[in-house]
Every structure is written in structure tokens, then in C-alpha cells.
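In: Attaching a predicted model along with its sequence, questions to come.
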Amino acid sequence: MLAAVVDGCGFPDYTYDLPEGTSGSAGADSSTDVVSEHAGGSAGQGGASGSGGSAGEAGSSGAGGGDLDASDAAEADATDDQSVGDADAEADAVEDDSSADVVSEEAAADADAEAEAEAAVDAPPEADAADASDAPDVTDAADVFDAPPDIVEAASDCTATPEDCTNGVDDDCDGKIDCADTVDCSPLYKCVTAPPAGWNGWYQLYEGAAGVAPVECAAPFAIQEIYAGANPVSTPATCSGCQCDTPTGIQCTEPNIVIWQGTDCDGSGWQWADEPPSTPLTQHNKCLKYNLTCSEDGGVCNEPPGSTAMITPAQMIAGTGTCQFSGGVPTKLPADFQTVSAACKADFVGGGCGSGVCAPKPSNATGVKPGVCIYKAGVEPSCPTGSYSERFVYYKSVTDTRSCTACSCGYPQDANCQGTFTVAASTQTNCLANPEVSFSDVGVCHTGISPEFTKYLRYDDPASLGGYCVPSGGAPTGDVVPNNSSAYTFCCVPY
């Protein structure tokens, strides 16, 4: 039997057993004169082709005869009798061949039927090895892979490029976009939820000490949107000292001055005092005419004036007068934040995260918060519910209340109200040209007054009352605090 194998082209491998062709018999030796030459036999008839098999091989012709030499003749004589016997046998065989041919034809028919039966059993129903036109069309990819035509077409149309994790496209043709392609995107990107209403995303947040340059914004966080700080630090204001000028507006009591009739400052006389029923010298700094009669003081006026003295001087009235103040000016050094922050916004975010986004992971540089952040203007007491749970508050500015307490001056103290009393006989030069007596001391009896009842009297306040005011104020006050109106609250994903 011969085996035919059909493989490839999407078919299962099948083996078909095919019947062999019948081989032709060898040609009979037609030589009759074995002494002179051997005649060449004719070629045997080729076997009939089996069903699905190749034709049998034709029998070979007998070898051609040739001249015998002398030694061959002797051998020929020796075998002559045998040859005659063989010839008789061949004649019988030829006779048998005619009947054998009939049998051979019947056997060939039986072999064809047997081959067809075997082919029907061994081959699949749809396969017919004898008819190549019935084989499936292997150029139809959808039939070969049993896949939906749209998937096969999409695969054939996709041109693979490196995966971009922020464009919402399956760049590398693996059926996954952005963060859904964990092999390509997970090292540098992460799915995060969308920020709640009123919050802004998504940011890389740096925090570091003031005076140290922050991490620069660079892709994939290339846009610096907020630069702020926290923990303000400052020094108190320096205040200039408060001072008070010379007091003004001080009021004084009236002095207690007495003019007696005698020359020993004793007995009856006239009194000018600050309490009734005495008549005070209400007009200061002027030369005034007085008639020193009994009617002036209601006393007994038997004699003209002869002596005088200042019993008590004028006194400053407490609570009068003021002093102008100066000083208390603050000098402040600039305030600064102890901590600074910089928020860099993500250039792009992608998909592949359901309702969230595929956001880039922040840099691992020193000071950068490990998780992506969102922010809201103002001071939020807490972060929104969800994955953004780490809270940080930074400010764009501070409120500087540093200053100095206001300067002030107390009421004047220790002012000198003690003036000068003058008694003159005329008004020349306002009682000052030829005074009879003029003094400012207290408790000293002054005589020398002429014995006329009409006198010109003058009381002068001191040129300067003096005194002082005690200053107060000018102490540092206030502080530097964050300005809540410039605040930003950041909430970050803890990685």
C-alpha cells in the first residue's frame, strides 16, 4: 500500500492508504536456437492502475542474443536437454497466463472497491483527496482563526507605537489604554479619583525650608501655578522712645499776700488770698490801683499800710496743663515664611481608570510630596472624603500687626507758680520803675511802704512755670500671622 498525506493549509493531517498498481510480468524468452543466438524477449505488460494508485511497472525485456564461442558451444550442448524442458514449461506457463489475466482483472476490480471503502472510512467527510477544489480557502483569515471579523480587522489596522499614558489611545495595540495598560503605565502613572466640586487637580506639591530653592516644575508637571508658604517668622518691632515736651496750660492758685497797717507785719491789714472773703488779685501781670481803706477788707483802718509779706505762694492746680509727646515710631524687619511650597500642575491626565483619571506620579526629589494633590482656595478645616486625605495649608501673604504702643504724657508735675508781688506809689512804667517793695519770697516781712492809702499793686506770674510730664507707651506690640484670605488648602493621596 502507498500512503498519501495531506497537511497544512489549516486542515488536520490525514493519511490515506492507496492500492498499489499491478506490476507487469517479465517478458518470456523467445529464443529457439540456443546454439547460434539468444533472441530478446518482449517487454511484459504493465499492471493496471489501482484506484487512486499509480500504474504497475512494466516487465523488463529479455536480454538480446549474441554469438557463442567454442567453449560456450560445449556448455550449450550440456544444457540443451534442460533448455528443451524449460521451453515446454514456459509453453505451459503461457497457456496459464491467459487464464491468469482474467483472474488479474477481477482482482484489480476488487482492489479498487477495497481502496474506495478504506478512503471513505479514513478521510473526514468534507475532505476528498481526489478533488482539491473541495479544500477550504486558506486565504480567509476569519475562517482560519474563527474570530469575529471586526477584531481581525482592528488588529490589522493598528500600528504599534510606545504607549502614551495620557492620550486615551491604545498606542501599543494590546487592547488597553493608559493606566489600564499596567505594564507600560504603572511605573510612572496611577489612577486617582476626580476632585470634588470646588477643588482643583492635579498637582505635584513641594515643601521645603525658606532660602532653599524649590524643585523646579518640569514635565509631566511643568506649570508652576502656586508659590506660597507657611509658619511665618519675624522679629518684634523696634520702637523709638517716647518723649514729652515742656508743659503748657498749667493753672495756679492765687497767692496769699497780706499788707499790714503797722511795720511789723502784724495786726490789722489787708489780705489778698485765694479764698473768700478776701479779695484776690484777679488780674495778674498788670499794675492796678487800690485804695487801702477799711472798705477794702472790712477791717479797722486806723493807719496807712506799713509792711507786707507773702504768706503762701501760688500752687499749681493738679490736672491742668498738657505736654506734647513724640517718639514711639516702629522699625520692622521684613517678615518671612519659615516653610515654602510650590505647586506644579500636571500637563496631561489620561484614562483607563473608570470614573477617575490616569495621573502622573510626582517626582521622587527631596521635598516633593509622594502623592498627587488637589487644592481649594481658603482654609479648609479638613480634606474631602476619599483618597485625598493628607492636608496641608499654605499662604500667599501674611498679616503684619507689629507696631508700638502709642506714646502719651501724663499731667504736668512740679510746676513753679510762685510769682513776684510789687507795691508802687505810682503807675510809672506799670509799677516797675520805682517800686516801694517787690519780692517773691514766702514768709518774709517787707517794710518800706510809704504811708499813703492809695497804692499801685502788681502780681506777676513766673516767667516759666517749669515742670514736666511723664511719658508712657512706645513698647513693641503685634505679630506676624498668616493671611487667611490668601490661603490654599492642599489634600494629597498618601502613597
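Out: Yep, it's here.

In: who's in contact with residue 285?
Out: 458, 459, 460, 461 (CB atoms under 8 Å, 6 or more residues apart in numbering). Just so you know, the C-beta spots here come from the backbone N, C-alpha and C atoms, and that holds for glycine as well.

In: 7 Å instead, please
Out: The contact partners of residue 285, by CB atoms under 7 Å, 6 or more residues apart in numbering, come to 460, 461.

In: For it, report the pLDDT, please.
Out: pLDDT, residue 285: 90.

In: Give the helix, strand or coil label for it.
Out: coil (DSSP: H, G, I helix; E, B strand; the rest coil).

In: what about this structure, any weak spots by pLDDT?
Out: 1-156, 271-282, 293-302 (pLDDT under 70).

In: One more pass at 80, please.
Out: 1-157, 267-283, 292-303, 428, 495 (pLDDT under 80).

In: on contacts alone, who are the packing partners of whichever strand or helix holds residue 488?
Out: Following DSSP states H and E, one finds residue 488 within strand 487-492. Helices and strands touching strand 487-492, by 3 or more CB pairs under 7 Å, 6 or more residues apart in numbering; DSSP states H and E, are strand 373-377, strand 390-395.

In: Show me what the longest one is in contact with.
Out: When you say that, I think you mean strand 390-395. By CB under 7 Å, 6+ apart, strand 390-395 touches 205, 207, 228-230, 341, 371, 379, 382-383, 482-483, 486-492, 494.

In: how about 6 Å then?
Out: 228, 230, 341, 379, 383, 482-483, 486-492, 494 (CB atoms under 6 Å, 6 or more residues apart in numbering).

In: Return the set of buried residues in that strand.
Out: 390, 392, 393, 394, 395 (16 or more other CB atoms under 10 Å).

In: got it, and the first one?
Out: Judged by neighbour count (16+ other CB under 10 Å), strand 373-377 contains these buried residues: 373, 374, 375, 376.

In: cool, and stretch 321-333?
Out: Those buried within stretch 321-333 under the rule 16+ other CB under 10 Å are 321, 322, 323, 325, 328, 330, 332.

In: and the nearest residue to the first one once chain neighbours are set aside, what is it in contact with?
Out: Counting by CB to CB, 6 or more residues apart in numbering, the nearest residue to residue 321 once its immediate chain neighbours are dropped is residue 250, at 3.6 Å. By CB under 6 Å, 6+ apart, the contact list for residue 250 reads 316, 320, 321, 412, 415, 465.

In: One more: residue 224?
Out: Counting by CB under 6 Å, 6+ apart, residue 224 has contacts 217, 342, 344.

In: Residue 344 is in contact with the first one, correct?
Out: Yes - counting by CB atoms under 6 Å, residue 344 is a contact partner of residue 217 at 3.6 Å.

In: Neighbour count for these two, which is higher?
Out: residue 344 (26 against 19; other CB atoms under 10 Å).

In: part of a strand, is that one?
Out: Yes - Residue 344 sits within a strand when classified using three-state DSSP.

In: quick one, phi psi at residue 259?
Out: Note on residue 259: backbone dihedrals following degrees, to the nearest 10 are phi -120, psi 120.

In: Residue 290 versus that one, what's the distance?
Out: 9 Å (CB to CB, to the nearest Å).

In: go on, residue 237?
Out: 61 Å.

In: Make TSV out of the buried residues of strand 390-395 and add distance to residue 213.
Out: Conversion of the buried residues of strand 390-395 to TSV gives the following (distance: CB to CB, whole Å):
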residue	distance to residue 213
390	24
392	20
393	22
394	17
395	20
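
In: Could you single out the nearest of these to residue 269?
Out: residue 395 (82.3 Å; CB to CB).

In: Looking at strand pairing, list the partners for the closest residue to the closest one other than its chain neighbours.
Out: Spatial nearest neighbour of residue 395, chain neighbours left out: residue 482 (4.2 Å); criterion: CB to CB, 6+ apart. Beta bridges link residue 482 to residue 398, judged by DSSP bridges.

In: Give me the neighbour count for residue 482.
Out: Residue 482 has 21 nearby residues by other CB under 10 Å.

In: likewise residue 443?
Out: Residue 443 has 10 nearby residues by other CB under 10 Å.

In: can I assume it sits in a strand?
Out: No - Residue 443 is assigned coil when assessed by three-state DSSP, not a strand.

In: Roughly how far does it sit from residue 459?
Out: 17 Å.

In: hang on, the earlier thing: can you lay out the buried residues of strand 373-377 as a markdown table showing distance to residue 200?
Out: What follows is the buried residues of strand 373-377, written out as a markdown table (distance: CB to CB, whole Å):
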| residue | distance to residue 200 |
| --- | --- |
| 373 | 10 |
| 374 | 6 |
| 375 | 6 |
| 376 | 7 |
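
In: which one among those gets closest to residue 452?
Out: residue 376 (98.9 Å).

In: Report the beta-bridge partner residues of that closest one.
Out: residue 489.

In: quick one: contacts for it?
Out: 198, 199, 489.

In: Test my guess that the last one contacts residue 377.
Out: In other words, residue 489. No - contact criterion CB under 6 Å: residue 489 and residue 377 do not qualify, at 7.9 Å.

In: before we move on, back to that, now a PyMOL select for only the buried ones of the contacts of residue 376.
Out: A single PyMOL command selects the buried members of the contacts of residue 376 (16+ other CB under 10 Å):
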select buried, resi 199+489
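
In: from the contacts of residue 376, which is closest to residue 473?
Out: residue 489 (39.7 Å).
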